[in-house]
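Enquirer: 3D, please:
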Amino acid sequence: MNFLGHARLSLAGSDNFLFGNLIADGVRGSDLSGWSPEVEAGIRFHRRCDAVIDAHPETRWLLTQVPPSSRRVAGIAFDMMWDHRLAAEMHDDDIDRLYRLLAREEVPSRLSSLIEWIQVRDALRRYQELEFTLATIASIGERMTARRRLRQTSDTRNGRHTHKVGNLDAGTNPLADMTPWLADNRAMLEDSFARLWPDMLALRQPA
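Expert: Purely as a prediction, here's the structure:
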């Protein structure tokens with residue numbers, strides 16, 4: 001799940017617990033001793049929620065519905081579509097709280113450019129707009145494609161002629177290719193989310 005999904009599941013907790021949920025994707029490894037206990041609890045809760053939603057029968061069913069060429073990255077698109085669905089329900093005070101926490105100095109460096117992008121575009125509010133969300137999904141795919149191109153170039157320079165990374169052609173953007181399907185199947189996605197979301201809400205707990 002993405003920022004708004006994880007936020008909705010952890011808003012009842014302390015700022016530190018919520019902060020841990022927001023930054024978890026930028027934290028690597030199982031040793032979280034460098035974080036405060038509340039932030040650590042938030043990171044671990046985020047990871048638990050990710051594991052539950054990835055294994056959820058509704059998510060697995062949706063993966064059978066998407067175009068085969070996009071199946072490997074479809075989870076990213078689902079996360080963004082869930083945030084699109086949730087954005088309309090977020091209160092301005094809660095959004096302001098999220099931005100305040102994302103501006104904290106201890107945000108992992110690997111998230112800094114993403115957070116700046118979100119803040120400049122007021123993305124947490126604009127996810128209400130379907131076109132903005134779809135454009136964001138395509139943009140994420142373009143960044144992934146650019147990284148694959150760099151790795152391909154590096155492999156070529158080192159004498160390794162690798163034209164695919166993770167079974168994806170280095171020049172393709174499967175997330176951008178998937179956006180028409182997302183728009184056309186918006187009603188199906190919303191129905192699926194309505195079946196999935198109660199199971200996620202059942203995980204909620206304060207810090």
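Enquirer: Can you show me the helices along this structure?
Expert: Taking DSSP state H as the test, the helices found in the chain are 3-10, 15-23, 37-55, 57-63, 74-87, 92-102, 112-120, 123-126, 130-157, 174-184, 186-201.
Enquirer: Which of the ones you listed comes out lowest on mean pLDDT?
Expert: Among the helices of the chain, helix 130-157 has the lowest mean pLDDT, at a mean of 79.
Enquirer: Could you measure from residue 78 over to residue 185?
Expert: Distance, residue 78 to residue 185, using Cβ to Cβ, to the nearest Å: 11 Å. The way it works is simple: take the backbone N, C-alpha and C, and place the C-beta from them, glycine included.
Enquirer: Who has more neighbours out of these two?
Expert: residue 78 (26 against 16; other Cβ atoms under 10 Å).
Enquirer: correct me, but the more buried one touches residue 62?
Expert: Yes. In this structure, residue 78 is within contact of residue 62 by Cβ atoms under 8 Å, at 6.4 Å.
Enquirer: which residues touch residue 192?
Expert: 58, 61-62 (Cβ atoms under 8 Å, 6 or more residues apart in numbering).
Enquirer: ranking those residues by neighbours, who comes first?
Expert: residue 62 (22 neighbours).
Enquirer: That one: what's its closest spatial neighbour, skipping adjacent residues?
Expert: Counting by Cβ to Cβ, 6 or more residues apart in numbering, residue 192 is the residue found nearest to residue 62 once chain neighbours are left out, at 5.7 Å.
Enquirer: if I look at that neighbour, how far off is residue 53?
Expert: Residue 192 is 12 Å from residue 53, by Cβ to Cβ.
Enquirer: In space, what's closest to residue 186 - neighbours in sequence excluded?
Expert: In space, residue 186 is closest to residue 130, 7.2 Å off (Cβ to Cβ, 6+ apart).
Enquirer: what separates that neighbour from residue 193, distance-wise?
Expert: 14 Å.
Enquirer: So those two - more neighbours on which side?
Expert: More crowded of residue 130 and residue 193, by other Cβ under 10 Å: residue 193, with 19 against 13.
Enquirer: List the contacts of the more buried one.
Expert: So residue 193 contacts 81-82, 85 (Cβ under 8 Å, 6+ apart).
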